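Chemist: Take this sequence and fold it.
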Amino acid sequence: MKISNELKVGLIAVISITVLILGFNFLKGKTFFSHSTTLFAVYGNVQKLSPSNPVIINGLQVGSVYKISTDKDMRRLLVNMTITKDIHIPKNSIAIIKPDLLSTPSIEIKLGDSNEYLNSNDTLATESSSGIFTDVLKRVDPVLYEVTKAVSSIDSILIKVNGIVDPNAKNNIGATLANLNKISAELLTSSASLNQLLNTQTGALAKTLNNASAVTGNLAASNDKITSVLSNLDKTTSNLSQLDLQKTLASLDATINELKNAMSKLDSTGGTAGLLLNDPTLYKNLASTANKLNLLIDDIRVNPKRYVSISVFGKKNKTQPLTTPLVDTINAPYIIEKAPNH
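Modeler: Sure thing, here's the model as predicted:
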């Protein structure tokens, strides 16, 4: 089978691009055919660190920087590291950027003492480095390094002292002292008042204790009366406990039931009392009888001769009897019944 020139050129181009990509990633520290671990670290200043810079533990390169990314305000610089060695890194390890005056910067990982280890894609704790000249000074002249460190500490202390004794701080100190004087004067006044309160002769506390003593004395004097009252109360409660309360409640319940029955009978028309209260016939009969009695009394009063004839010479009264009672609105109004319609 004959391969065309175009196919050969295409295969060479694909192989070249693949080799270029693999070589570029290899130079950056990214490998494809061996085990690797990805770790992250966040810095505020990477001190000219760049991809492919070494990652060192105890002087041995164990990986390299793969990528450095940041946000728009440049406050967080995220460093992506590729660890090519199959090693265990404790979780409390610290990643420090070590600048080098003669070579490229590197990341040095100081191993911690934790029994737990970092996994891939975990983030290391970071710490700012002391700088190139500080490292050189520490190696060349340790005594001068300690002196410089002490001078820096003294300088920090002096800065803090100057901050304390500035004009504003002086005013604040003066105001604080004035407040302390005021507080001490108020404490003196309070102590005098407290002494007056605790005076054994005229103090309020002494009077209160005397009153409490008098009250307790009265209680002690009335102890017999209190005992008698409690004894009577005990007797009363014992007598109440001896009563047959259940029987009394049962009797009361029976009485209430009988009263309910009586009221229900009065409210019904089944008996004589119910008919008297609920049937209007008796009222009408009584009203009719009263009307007739009134009519009879009025007729006797108007025509007495009709019922009693005493006169010897008088004539017999031939007037007609009353058919309706006389009107008497002062003493009692009469009820005039209407004749039923037939």
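Chemist: how near is Val55 to Ser114?
Modeler: Noted for Val55: a distance of 19 Å to Ser114, by CB to CB, to the nearest Å. The C-beta positions use only the backbone N, C-alpha and C, and glycine is treated the same way.
Chemist: neighbour-wise, which of these two wins?
Modeler: Using other CB atoms under 10 Å, the more surrounded residue of Val55 and Ser114 is Val55, with 25 against 12.
Chemist: That one: what secondary structure?
Modeler: strand (DSSP: H, G, I helix; E, B strand; the rest coil).
Chemist: so what's it up against?
Modeler: By CB atoms under 8 Å, 6 or more residues apart in numbering, the contact list for Val55 reads 61-65, 81-83, 106-107, 109.
Chemist: Kindly reformat those residues as TSV containing neighbour count, pLDDT and distance to Asp267.
Modeler: Converted to TSV, the contacts of Val55 look like this (neighbours: other CB atoms under 10 Å; pLDDT from 0 to 100; distance: CB to CB, whole Å):
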residue	neighbour count	pLDDT	distance to Asp267
Gln61	14	92	113
Val62	19	93	108
Gly63	24	91	106
Ser64	23	91	109
Val65	25	92	106
Met81	24	92	102
Thr82	22	91	104
Ile83	21	92	103
Ser106	18	91	111
Ile107	25	93	106
Ile109	24	94	104
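Chemist: Can you tell me which of those residues end up in strands?
Modeler: Counting by DSSP state E, the part of the contacts of Val55 found in strands is 61-65, 81-83, 106-107, 109.
Chemist: before we move on, the earlier item: and the contacts of Val55 as TSV, adding distance to Pro280?
Modeler: Below are the contacts of Val55 laid out as TSV (distance: CB to CB, whole Å):
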residue	distance to Pro280
Gln61	124
Val62	120
Gly63	118
Ser64	120
Val65	117
Met81	113
Thr82	115
Ile83	115
Ser106	122
Ile107	117
Ile109	115
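Chemist: which one of the residues you listed is nearest Ala287?
Modeler: The nearest member of the contacts of Val55 to Ala287, counting by CB to CB, is Met81 at 121.2 Å.
Chemist: who touches that closest one in this structure?
Modeler: Taking CB under 8 Å, 6+ apart, we find Met81 in contact with 38-41, 55, 63-66, 95, 107.
Chemist: now do 7 Å
Modeler: Met81 makes contact with 39, 41, 55, 63, 65-66, 107, according to CB atoms under 7 Å, 6 or more residues apart in numbering.
Chemist: what do you get for Leu198?
Modeler: Leu205.
Chemist: how far away is it from Asn80?
Modeler: Counting by CB to CB, the gap from Leu198 to Asn80 is 75 Å.
Chemist: and if you look at Thr208?
Modeler: Separation of Thr208 from Asn80 (CB to CB) stands at 79 Å.
Chemist: And for Val229?
Modeler: Separation of Val229 from Asn80 (CB to CB): 92 Å.
Chemist: For Tyr43, name its beta-bridge partners.
Modeler: Here Tyr43 sits in beta bridges with Leu77, as judged by DSSP bridges.
Chemist: Just to check, it is in contact with Arg76?
Modeler: No: the criterion here is CB atoms under 7 Å, and Tyr43 misses it with Arg76 at 8.1 Å.
Chemist: More neighbours: which of those two?
Modeler: A direct count of neighbours by other CB under 10 Å for Tyr43 and Arg76 places Tyr43 higher, at 21 against 11.
Chemist: And the strands in the stretch 101-250 of the chain?
Modeler: Ranges of strands in the stretch 101-250 of the chain, per DSSP state E, counting those that start in this stretch, are 106-110, 122-127.
Chemist: Can you tell me which of these is most buried?
Modeler: strand 106-110 (a mean of 20; mean count of other CB atoms under 10 Å).
Chemist: roughly how far out does that one sit from the chain middle?
Modeler: Relative to its chain's centre, strand 106-110 lies at 51 Å (CA atoms, centre = their mean, to the nearest Å).
Chemist: and if you look at stretch 114-125?
Modeler: Centroid separation between stretch 114-125 and its chain, computed with CA atoms, centre = their mean, is 41 Å.
Chemist: Endpoint to endpoint, that stretch covers what distance?
Modeler: Counting by CA to CA, to the nearest Å, you get 13 Å between the two ends of stretch 114-125.
Chemist: for stretch 260-274, same thing?
Modeler: End-to-end distance (CA to CA), stretch 260-274: 14 Å.
Chemist: What lies in contact with it?
Modeler: Contact partners of stretch 260-274, identified using CB under 7 Å, 6+ apart, comprise 275, 277-279.
Chemist: domain assignment for this structure?
Modeler: By the assignment in automatic domain parsing, the chain contains the domains 1-33, 35-137, 141-188.
Chemist: What mean pLDDT does the last one get?
Modeler: Right, the one you point to is domain 141-188. For domain 141-188, the mean per-residue pLDDT is 70.
Chemist: What's the mean pLDDT across stretch 250-263?
Modeler: Mean pLDDT, taken over the full extent of stretch 250-263, equals 88.
Chemist: returning to that earlier point: among the contacts of stretch 260-274, which one sits closest to Leu233?
Modeler: Nearest to Leu233 among these is Leu277, at 49.5 Å by CB to CB.
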